[in-house]
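> Fold the following, please.
(chains A, B, C and D)
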2 protein chains.
Amino acid sequence: MPEHKVISFENIKVACKNCSLVTLCLPMSLTPEDVERLDAIVMRSRPLHRGDVLFQAGSRFRSLYVVKTGSVKTYTPSEEGGEQVLGFHLPGEIIGLEAIQSGQHTCSGKVLETSAICEIPFQRLEELSLAIPSLQHQMYRLLSKEIGQESEMLMLLGKRNAEERLASFLLSLSERFKKRGLSATDFYLSMSRHEIGSYLGLAVETVSRLFTRFQEESLLSAERKHVQLRDMEGLKAIASGQGSTSHTRRFP
Amino acid sequence: MPEHKVISFENIKVACKNCSLVTLCLPMSLTPEDVERLDAIVMRSRPLHRGDVLFQAGSRFRSLYVVKTGSVKTYTPSEEGGEQVLGFHLPGEIIGLEAIQSGQHTCSGKVLETSAICEIPFQRLEELSLAIPSLQHQMYRLLSKEIGQESEMLMLLGKRNAEERLASFLLSLSERFKKRGLSATDFYLSMSRHEIGSYLGLAVETVSRLFTRFQEESLLSAERKHVQLRDMEGLKAIASGQGSTSHTRRFP
DNA sequence: AGGGTTGCCTGATCCCGATCAAGCGACAAA
DNA sequence: TTTGTCGCTTGATCGGGATCAGGCAACCCT
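Take a look at the predicted model:
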């Protein structure tokens, strides 16, 4: 069926200007002509499937990757098979920024579900950003945003207890889904409990118990990967450390 | 004493090309002419003293700051007076990168000891980096480096126990001092135990106990702020999770 | 020098979350 | 259908590190 092939291929090759992510992704704040110039250097591959590796820690850095559909996790494989999850990436988010420095990836990227990924050769992007001031500006903002997000994560891991971490995580996902036009209260988790635990610095069992507890408290309902946030205010209270069951005494 | 004033003022106004940090800081890999161009936009103030605030969380972002001498901590002040330390910054390191994104500082910067700071108006730096490709490249690398370092910190906070954290912290300082031509094994800590604890996600008491334990194990000697690393290999073993007292079973 | 503050150290106790252990449902292959 | 595997859940126990409390030394201040 060559016809089918062509169709699915066309489906992948959505130009940036026609991509629904144009307001979230790199093209944000570029003129239509500049979007075309950016478009010319973007490479679009066939869809990847759950478990496919986007890049591996230690491999040479050539390109940044942007999630178009689906989701990706980045992680550092440790000796003895374990892994530390560093992040989950949704459509419009850019991956690989940490590798610019050394020219080598310091973490691996793996696809969590069937996903379409755009590849942007970094050297060409760098050249282009010299010619397009607003692209350079956008790059600086993107890199800076990543730094800010990791700082927030440092605070989460440094000072927050388990329930505060999970609540924050769910609210962060919620917000990101919302920005992408999806439901902020009803979504599917593409990552396992184990991966959530690794990301939040918690054991799987703790994550599981927290899901159970949150359900008992009517904060959400969860059935496997399907999550519905029922009480956003309650979750926000917990995430900000004002939860009723918090052990930390705020007013001695 | 106008004469004295002039001298100390001149002392501060070391041009980039004469600065000992030229190989660590932004000018790295720039041609002498380009260093002069960069030099023209750098602002150098009189020295700041312990406790002086460089910028405050929430204030408008205008400039990046580079430590010339001394040291700076960045932190997010939390309600109720507490603070979470996000980083310690030594000569040659750039501060404020997280604020590019929103145009507003998300953390505060405070000087830990008498320090000289260079201020670089970001808008002018951005313009200059359009004209100097190697400066743009250097900026990308710098931002990327920051991302990579924060990722390492995420791993530290997510997976390491208290002694692994403190050992890693001391070794990181050691390496950074070494790069600046100072002793890798004998140095002064400009930050308090409390600040170390906040940075590492530990209570002050734990940090203090660990210093004591490390001394008992002849890994180092510490008298208040003065630290001498005695057994680098031992510290490295602990930092990498191979310490003998580690609770985590690596080979079940 | 005296008196107050602050930073650091040490001991005792407690508790959150890791670890160990076991069972269960979903899903894939035989 | 059965069997095996994997992901998730739940229960029981343990311990690392937080918390509480007290004391000492250094370093302010006048």
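> what does the stretch 101-250 of chain A put close to DNA strand D?
Selection of the stretch 101-250 of chain A residues close to DNA strand D by Cβ under 7 Å from any atom of the strand yields A:192-194, A:204-205, A:207-209, A:211-212, A:222, A:224-225, A:248-249. (Each C-beta comes from the backbone N, C-alpha and C, glycine too.)
> By neighbour count, which of the residues you listed wins?
Neighbour tally across those (other Cβ atoms under 10 Å in any protein chain shown): the maximum, 23 neighbours, falls on A:Val207.
> Now that that one has come up, it's in contact with A:Gly197, right?
Yes - applying Cβ atoms under 8 Å, one finds A:Val207 in contact with A:Gly197, separated by 4.5 Å.
> DNA strand C: which of the residues of the stretch 101-250 of chain A next to DNA strand D is nearest?
Nearest to DNA strand C among these is A:Glu205, at 3.9 Å by Cβ to the nearest atom of the strand.
> other SSEs contacting whatever helix or strand that closest one lives in?
Element membership for A:Glu205 (DSSP states H and E) is helix A:204-216. Using 3 or more Cβ pairs under 8 Å, 6 or more residues apart in numbering or on different chains; DSSP states H and E, the elements in contact with helix A:204-216 are helix A:162-179, helix A:193-200, strand A:220-223.
> Need the contact partners of the last one.
Going back to what we said before, that points to strand A:220-223. A:170, A:211, A:214-215, A:227-231, A:235 (Cβ atoms under 8 Å, 6 or more residues apart in numbering or on different chains).
> give me that answer again for 10 Å
With contacts defined as Cβ atoms under 10 Å, 6 or more residues apart in numbering or on different chains, strand A:220-223 is touched by A:167, A:170, A:185-186, A:189, A:208, A:211-212, A:214-215, A:227-232, A:234-235.
> re the thing from before, ok, so of the residues of the stretch 101-250 of chain A next to DNA strand D, who is nearest B:Arg62?
A:Thr248 (36.1 Å; Cβ to Cβ).
> for chain A, which spans come out with low pLDDT?
Applying pLDDT under 70 to chain A flags the ranges A:1-13, A:79-81, A:243-252.
> what does chain A put close to DNA strand C?
So chain A meets DNA strand C at A:161-163, A:201-203, A:205-206, A:224, A:247 (Cβ under 7 Å from any atom of the strand).
> Can I get the buried part of those residues as one ChimeraX selection?
Burial among the residues of chain A next to DNA strand C is assessed by 16 or more other Cβ atoms under 10 Å in any protein chain shown; the matching ChimeraX selection reads:
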select /A:162,163,201,202,206
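> how far away is A:Leu229 from A:Asp186?
8 Å (Cβ to Cβ, to the nearest Å).
> how far out from the middle of the chain is the helix holding A:Glu205?
Helix A:204-216 sits 23 Å away from the centroid of its parent chain (Cα atoms, centre = their mean, to the nearest Å).
> CA atoms of that helix as CSV?
C-alpha atoms of helix A:204-216 as CSV (Å, rounded to 0.1, in the frame of the first residue of the first chain):
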residue,chain,number,x,y,z
VAL,A,204,7.4,3.1,43.8
GLU,A,205,5.6,2.0,46.9
THR,A,206,5.4,5.5,48.3
VAL,A,207,4.0,6.8,45.0
SER,A,208,1.4,4.1,44.9
ARG,A,209,0.4,4.7,48.5
LEU,A,210,0.1,8.4,47.8
PHE,A,211,-2.2,7.8,44.9
THR,A,212,-4.4,5.7,47.2
ARG,A,213,-4.4,8.3,49.9
PHE,A,214,-5.2,11.1,47.5
GLN,A,215,-8.2,9.1,46.3
GLU,A,216,-9.3,8.4,49.8
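> now the angle between helix A:193-200 and it, please.
100 degrees (axes from the mean of the first three to the mean of the last three Cα atoms, to 10 degrees).
> Helix A:204-216 to helix A:162-179, inter-axis angle?
With the same axes, to 10 degrees as the basis, helix A:204-216 and helix A:162-179 are set at 70 degrees to each other.
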